[in-house]
Structure formats: C-alpha cells, structure tokens
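In: Sequence plus predicted model, see below.
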Amino acid sequence: MRSRRFLPSVSLLLAFEAVLRTGTTAEAARSLNLTQGAISRLIKQLEQQVGAKLFDRKQQRLVATAAARSYVRNISRALDAIERATLELVSNPNGGALSLAILPAFGTRWLAPRLGRFQSSHPGVTLNLATRLKRFNLDAEGFDAAIHFGTDDWRSADHLKLFDERVTACASPAFLTHNKIHRPEDLLDLPLFQIESRPSAWPVWFEAHGLSGSSGHGMLFDQFAPMTQAAIAGLGVALLPSYLAAPEIAEKRLVALFKEEVAGVGAYWLVWPTHRADYPPLLAFREWLAEQTRPAQ
C-alpha cells in the first residue's frame, strides 16, 4: 500500500514545480492560470503534507531551499512520465504504445525510412520517438527502449546488436578542386572534421590505410547533420557513417575518398530495461528490428 502522505496531489506538485521553474510565484501563477495567492496556499499545503520546509519567505518572495532544489528534479521527471503516459493513452487508447529514444542521424536517415514497414505489420503499436545524444536512465525518463551507439555496456539493460558501424571519408567536389588528394597521407594537413562521440575515429581510419593514427585537426561537431553540411559546403573532410554518406555521394554532393568503407569504432544497439523485456510492443519492435538488420545470406 502506498502512503498518501508521500503522494501529494498533482495540483500541489505542479505549483511547486512551476515556482522552481519560473522563479517567482507571479510567473508560476501565470503559467498555471492561477492567482499568486492560490500558488502560495498550494505551496504551504505541500510543506505541511511532507513535513519539510521547501521555501524561505523573504520580503514576500519564496526562495527555494536546498531540499526543494533537490526534490524538484525528481518531481519534474515524475510529472514528465505521467504526461507522457497520458499522451500515449490518448494516442492509443487500446494500448500498445512504445516510447523509443533514438540518435538524431540514425533516426532520420536509417530508421525513419523503414518505419512504414513496421507500422504495416504492427498497426496496433504506436511509436513515440524522442532524440537523445547521450545515454540516460531509461526508467527515470520513461522510455521503453533506446537506440545507442557504442558497446553493449548499458547498465541494468538488455542489448540487441543491430550492426557495426562502417565509415566513409568524403569531401565536396569543390573542396577537392582546391585540395589535391592522391594518397591517404595527403589528408594529414587538411581540416578533418571531428565528432564528439567518436574521438578515435580518424586514428582508426588512418590505421586502416596503413598509417600511424592521427586525429588530425578541424572543426568539432556534436551531431552528424551539421558536419555533413559543412563538408558539402567545402569546409573540410568528414568521416561519416556509410549509411549517411551514401545518399550524399549518390547525389554527387560528396565524393568518397580511397576505400569507400572502413570499420568504425563501435556498433548500433537496441537497449531496454531488463524488467521491460516481455512488454508486447517492445517484443514486436525488437523482432522486427532484428529482421531488418540481419545480414543478407
């Protein structure tokens, strides 16, 4: 049995979170379409219920205590989870929603074009997608699964390997007009774009071409989309996952350099909380994804 003392009503928590988020009772009142007096009363009720002081009263202002600032982080996550669960119910009242965190480039260029096949074979499953660049707590953020790049080391989770990353070094035709590249070592003096999530990508590429590893020098990006556009604009050489490079090469916006594909530094994985392994929508998506990534015989 849950103790009601430790389960404040949503109206109390919304008022509390709004004051911390906006900084004042006036702004909190505006955001919730209430009066300042109502916000103050709700805050007082919350303090009485939990038996803890959450704010200092200074010159008719509420100043959050250290305890309140710590408490609000968990409350915000809980409210987000409730909101997401309700949205899932509204979008699919018969159940079958799957909340999935995806990598931006992978989701846009690899997954999205294939999702029609999944929806055709599983019309009862509603997919809710959100992008994440770095790993996070699946349970805390309310996700059923995530697509992750790296290794199978996500804590408290099961893993399905999708495929190893292969990469292609490429540059724009205009860049190659002004920079003559005949051998891999010619790249050493050129601007080589870096991606935050793969700091060893260029050394691995050079080693695959028989050269001692070098990280080179060039602009640093946190996502592949702006890096690709910078390469198309002729600002340097990009080392892209081959599934991202292929359409740009086919459209002649970029040119592949030397070996078209080289083994990268990690793999793509589907990860999910161990306790969610038997959730039917996740099972359906996992089996479909395994089929989509199974090597051709």
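Out: Now that the structure is in, tell me what you want to look at.
In: Can you pull the phi and psi angles for the residue of the chain most remote from its centre?
Out: Distance from the C-alpha centroid of the chain, by CA atoms, centre = their mean, peaks at Q59 (42.1 Å). Here is the backbone geometry of Q59 (degrees, to the nearest 10): phi 50, psi 50.
In: give the contact list for it.
Out: If a contact means CB atoms under 8 Å, 6 or more residues apart in numbering, then Q59 has no contacts. Placement of C-beta: from N, CA and C, glycine included.
In: ditto for V204
Out: Counting by CB under 8 Å, 6+ apart, V204 touches 213, 262-265.
In: For ChimeraX, write a command that selects the buried ones of the residues you listed.
Out: Listed next is the ChimeraX selection for buried residues among those, using 16 or more other CB atoms under 10 Å:
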select :262,264,265
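In: got the residue ranges for the helices in this protein?
Out: 10-22, 25-32, 36-50, 66-91, 104-105, 115-121, 138-141, 173-178, 201-208, 224-232, 242-250, 280-293 (DSSP state H).
In: Distance to A97 for the ones you listed - can I get that in CSV?
Out: Listed next are those as CSV, based on distance: least, CB to CB, whole Å:
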stretch, distance to A97
helix 10-22, 21
helix 25-32, 27
helix 36-50, 31
helix 66-91, 4
helix 104-105, 22
helix 115-121, 13
helix 138-141, 15
helix 173-178, 45
helix 201-208, 36
helix 224-232, 27
helix 242-250, 27
helix 280-293, 7
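In: tally of neighbours for the closest residue to F221 other than its chain neighbours?
Out: For F221, ignoring the flanking residues on the chain, the nearest one in space by CB to CB, 6 or more residues apart in numbering is M227 at 4.1 Å. Other residues within reach of M227, judged by other CB atoms under 10 Å, total 24.
In: is it true that M227 touches L240?
Out: Yes - at 7.5 Å, M227 counts as touching L240 under the criterion of CB atoms under 8 Å.
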